[in-house]
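Enquirer: Below is the sequence, then the predicted model.
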Amino acid sequence: MIKVESLEAGYGNRRIVNDLSFLVEKGEVYGVLGPNGSGKTTLLKTLTQALPFTKGKIAVAGKPIENYQVKELARVMALLSQHHEQSFAYTVKEVVAMGRYPHKKGLFHFSDEKDEQLVEEMMELMDVTDFKEKPLSMLSGGEQQRVFLARSLVQEPEVLLLDEPTNHLDISYQIELMSRIVRLAGEKRLTVLAVLHDVNLASMFCDRLLLLNDGKKVAEGTPGYVLKDENLSQMYNTRLIESTHPTVPKPLITYEPDHYRSANGTFIRFKETDAKLIIESGAPWRVITTRKNGPAVRWIKRFTFLKEGIPGQKENQELIFDIRKGRCTIVKEKHSGGFSLILVLNEGEVTVSAFLNGRLSDNGMFHLATLIAGAVKAAAPGYSLCEMCIAVTGMGGSWGGENAIMESARDLVNEIKKGEVKREDLYEKR
């Protein structure tokens, strides 16, 4: 539906878009992402003939864009800009009705039944019907944005260009607006090219993405293919972290503030009473756990191993382990790998908790859990693995003590099985 080949465009002698090529299929929601100054707005201007391009080709619906008359192009393509003219003297309905202009002929433009029906339909779709007789100036920024989108849809375009369509909208309206756009693309085979700043919004609602930086293509493809650490870090010149959405197969992007880990204190602290052993950190650990209840990946600040009595009120960010009948041993940073390891053997079951001082990705944590489980199973084939927890501080450099921690796990299992760990050694006073 939109075909761009070797496009170059800019202002005067300053080239903004450089040798850019891409294809947007009919009915596709195609997102364009990039930092400020990357060429996104310039690209939109060339697509709407607002800015001549100096080299390359643009075709819309199979026709070279330079062969379109202004009104003809407006019947095929609509643009929702992030900057709007000041139409504050008009009512909401009058502003929406302006979208019918490209379909009118002659000097005088009279509305007919079809115009009225379309205007009402799009106002309803964008949830602005209730204030259709109000002046535009009486509406909030988010409400005005929905009015202008309704006006764009009244044009009955085959292609909808969106320049940051969720500007001024709170999160519920962002989700609602993008959901409606996606439904329109599917139901009406509307082709959507959306310039976006919100990476996660683009991931959730776009079929494919184009990453732009300095007017050049960084990557193009599905969100899962494009939104990689290396692409985003290069494009935004900052370290971004890729993760996965918990319920849909889409990537989520986040970041770590520079100040967060540097000022949050001690790797690990042990507190013990007759009833419990408490292990805490100066900052929450990133934890993966095989525990049935709760998420597999979570943030935990306190591990409580209950030796006797009954559990008290569970605190926020706390995991509680019942070891009242178990045999337990602890290694506190025995190796240079920077870790503490706790094993509990209890009536044919073994529970393992490993605390690591360093950086390790979620994938690395799951891999380490698999290695430790294998080491424990080999050392204690008669025991079943009840629970595994890997806790990482995320501070300092990359953690790399795999061999040391597996050796410790095997040794500790053997010591407990042989009865070489005396009761008074199990909960060393710290």
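Expert: Thanks, I have the structure now. Numbering: from 1, shown residues only.
Enquirer: what are the ranges of the helices in the stretch 151-300 of the chain?
Expert: 171-188, 199-205, 223-226, 229-236, 258-262 (DSSP state H, counting those that start in this stretch).
Enquirer: Can I get these in JSON lines including mean pLDDT and distance to residue 343?
Expert: All C-beta atoms are positioned from the backbone trio N, CA, C, and that covers glycine. Converted to JSON lines, those look like this (pLDDT from 0 to 100; distance: least, Cβ to Cβ, whole Å):
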{"stretch": "helix 171-188", "mean pLDDT": "88", "distance to residue 343": "44"}
{"stretch": "helix 199-205", "mean pLDDT": "97", "distance to residue 343": "40"}
{"stretch": "helix 223-226", "mean pLDDT": "95", "distance to residue 343": "38"}
{"stretch": "helix 229-236", "mean pLDDT": "88", "distance to residue 343": "34"}
{"stretch": "helix 258-262", "mean pLDDT": "59", "distance to residue 343": "28"}
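Enquirer: quick one, which of the ones you listed is packed in tightest?
Expert: helix 199-205 (a mean of 22; mean count of other Cβ atoms under 10 Å).
Enquirer: re earlier: would you format the helices of the stretch 151-300 of the chain as CSV with distance to residue 415 included?
Expert: CSV is the format used below for the helices of the stretch 151-300 of the chain (distance: least, Cβ to Cβ, whole Å):
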stretch, distance to residue 415
helix 171-188, 53
helix 199-205, 48
helix 223-226, 46
helix 229-236, 41
helix 258-262, 34
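Enquirer: quick one, which of those is nearest to residue 357?
Expert: helix 258-262 (11.6 Å; Cβ to Cβ).
Enquirer: Quick one: residues in contact with the helix or strand hosting residue 146.
Expert: Applying DSSP states H and E as the criterion places residue 146 in helix 141-154. Here helix 141-154 makes contact (Cβ atoms under 8 Å, 6 or more residues apart in numbering) with 78-81, 84, 92, 95-100, 118-119, 122-123, 125-128, 131, 136, 139, 160, 165-170, 173, 177, 184.
Enquirer: how about that helix: buried residues?
Expert: Buried residues in helix 141-154, defined by neighbour count with 16 or more other Cβ atoms under 10 Å: 142-154.
Enquirer: where does the stretch 101-250 of the chain have low pLDDT?
Expert: Applying pLDDT under 70 to the stretch 101-250 of the chain flags residues 106-111.
Enquirer: how about the residue nearest the centre of the chain, what does it touch?
Expert: The geometric centre of the chain, computed from its C-alpha atoms, lies nearest to residue 252 (Cα atoms, centre = their mean), at 2.2 Å. By Cβ under 8 Å, 6+ apart, the residues touching residue 252 are 200, 203, 242, 243, 244, 245.
Enquirer: and stretch 403-420, what's its mean pLDDT?
Expert: Taken as a whole, stretch 403-420 has a mean pLDDT of 79.
Enquirer: now the contacts of residue 252 as a markdown table including distance to residue 386?
Expert: Putting the contacts of residue 252 into a markdown table (distance: Cβ to Cβ, whole Å) gives the following:
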| residue | distance to residue 386 |
| --- | --- |
| 200 | 36 |
| 203 | 37 |
| 242 | 32 |
| 243 | 27 |
| 244 | 27 |
| 245 | 30 |
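Enquirer: what's the farthest-apart pair in these?
Expert: 200 and 244 (11.9 Å).
Enquirer: CA atoms only: put the helix holding residue 146 into PDB for me.
Expert: Provided in PDB are the C-alpha atoms of helix 141-154 (Å, rounded to 0.1, in the frame of the first residue of the first chain):
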ATOM      1  CA  GLY A 141      -5.900  17.900  25.200                       C
ATOM      2  CA  GLY A 142      -6.700  14.200  25.100                       C
ATOM      3  CA  GLU A 143     -10.300  14.900  24.100                       C
ATOM      4  CA  GLN A 144      -9.200  17.300  21.400                       C
ATOM      5  CA  GLN A 145      -6.800  14.600  20.000                       C
ATOM      6  CA  ARG A 146      -9.800  12.200  19.700                       C
ATOM      7  CA  VAL A 147     -11.800  14.800  17.900                       C
ATOM      8  CA  PHE A 148      -9.000  15.300  15.300                       C
ATOM      9  CA  LEU A 149      -8.700  11.500  14.900                       C
ATOM     10  CA  ALA A 150     -12.400  11.400  14.200                       C
ATOM     11  CA  ARG A 151     -11.900  14.100  11.600                       C
ATOM     12  CA  SER A 152      -9.200  12.000   9.900                       C
ATOM     13  CA  LEU A 153     -11.400   8.900   9.800                       C
ATOM     14  CA  VAL A 154     -14.300  10.900   8.300                       C
END
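Enquirer: Contacts for stretch 362-372, please.
Expert: Taking Cβ under 8 Å, 6+ apart as the rule, stretch 362-372 contacts 243, 286, 288, 290, 297, 352, 354, 360, 388, 390, 392, 399, 402, 405-406, 409.
Enquirer: Right, I'll call it a day here.
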